[in-house]
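K.L.:
here's my sequence, what's the structure:
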Amino acid sequence: MRWLFLILVLCGCAGTDYDRVSQSFLGKPYMNSPLGEGVKPDDDPLIRFDAFDCTTFVETVLANGNLDKLNQIRYKDGQVDFLTRNHFVEIDWLKNNEHFLQNVSSQYAKTAIRTVKIDKENWFKHVHGLNVSVPSQTVDIEYIPFVSASELSLKNTMVVLFVADNPKIRDKIGTDLAITHMGFLLPNGILRHASSDYKKVLDVDWQDYVAERTKQKTNLGIVLVEIK
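P.N.:
Numbering: from 1, shown residues only. This is a model prediction of the structure:
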């Protein structure tokens, strides 16, 4: 693990090569929610390189393996605490990282809007048993429907977010949810992501993956996020 961290740091000296950094994690096992604050209610480590879920894989690559950068990405204002973690991509993660992440979906295809109401207070209670007073938030997510998502011409690697509308998720976690998965879309038509189905970080053909996602009507499309 130590040598891998050194490689990541050295890469960062000349600017982050996201493709190269993410490639170094290919084959690493999938683990649901592998990171935390090191203390309860989530006593998982702040950083690790041996296992990922889809979100922590993207975050660790964006941070170039640097803990301080990772904390800035994962927490509002970099304040490490379970309550200040950017739990929801829709209202937390994108907004609090807008200084270097931008939804550019409309630049690549005709877009649609998914309106989502995030009831974070009910989610804290339903999933974690915590009583936290947080107002619900409604936000519009601009996305590219899957009908237009298979043929994309990218010059640079982007973060890709997958949009869904699944009532079963609302019943399970106590709130609506629009973003259900994420990874990196490479210019060569490869999706690099931590897959819960294959239980590891892997590369898959983008068109094949889109075709598979569209088999479920609850899957709507994608958000293309440019790394500034």
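
K.L.:
distance of F88 from R213?
P.N.:
Counting by CB to CB, to the nearest Å, the separation of F88 from R213 is 21 Å. (C-beta placed from N, C-alpha, C; glycine too.)

K.L.:
meant to ask about E90, not that
P.N.:
Distance of E90 to R213, computed by CB to CB: 19 Å.

K.L.:
could you look up the SS state of P45?
P.N.:
Assigned with DSSP: H, G, I helix; E, B strand; the rest coil, P45 falls in the coil class.

K.L.:
ok, back up a step: mind checking which of E90 and R213 has more residues around it?
P.N.:
E90 (23 against 19; other CB atoms under 10 Å).

K.L.:
okay, and V223 sits in which element?
P.N.:
Using DSSP states H and E, V223 maps to strand 219-227.

K.L.:
would you mind putting the CA coordinates of the strand or helix carrying L191 into CSV?
P.N.:
According to DSSP H and E, L191 maps onto strand 190-195. Output in CSV follows, covering the C-alpha atoms of strand 190-195 (Å, rounded to 0.1, in the frame of the first residue of the first chain):
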residue,chain,number,x,y,z
ILE,A,190,-14.4,2.6,-21.8
LEU,A,191,-16.2,2.9,-18.5
ARG,A,192,-13.9,2.4,-15.5
HIS,A,193,-15.8,1.8,-12.3
ALA,A,194,-16.1,-0.1,-9.1
SER,A,195,-18.8,-2.7,-9.9
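
K.L.:
so for it, mean pLDDT?
P.N.:
Strand 190-195 carries an average pLDDT of 98.

K.L.:
pull up the pairing partners for it, direction included.
P.N.:
Partner strands for strand 190-195, per DSSP bridges, with pairing direction: strand 179-186 (antiparallel), strand 200-205 (antiparallel).

K.L.:
out of those strands, which comes closest to F57?
P.N.:
In terms of CB to CB, the element of those nearest to F57 is strand 200-205, at 5.9 Å.

K.L.:
would you mark the buried spots in whatever helix or strand comes next after that closest one?
P.N.:
Per DSSP H and E, the first helix or strand lying C-terminal to strand 200-205 is helix 206-213. Neighbour-count burial for helix 206-213 flags W206, Y209, V210, R213 (criterion: 16 or more other CB atoms under 10 Å).

K.L.:
now helix 206-213, how far from the centre of its chain.
P.N.:
With CA atoms, centre = their mean, to the nearest Å as the basis, helix 206-213 stands 18 Å off its chain's centre.

K.L.:
buried residues in stretch 191-204?
P.N.:
L191, R192, H193, A194, S195, K200, V201, L202, D203.

K.L.:
alright, calling it a day.
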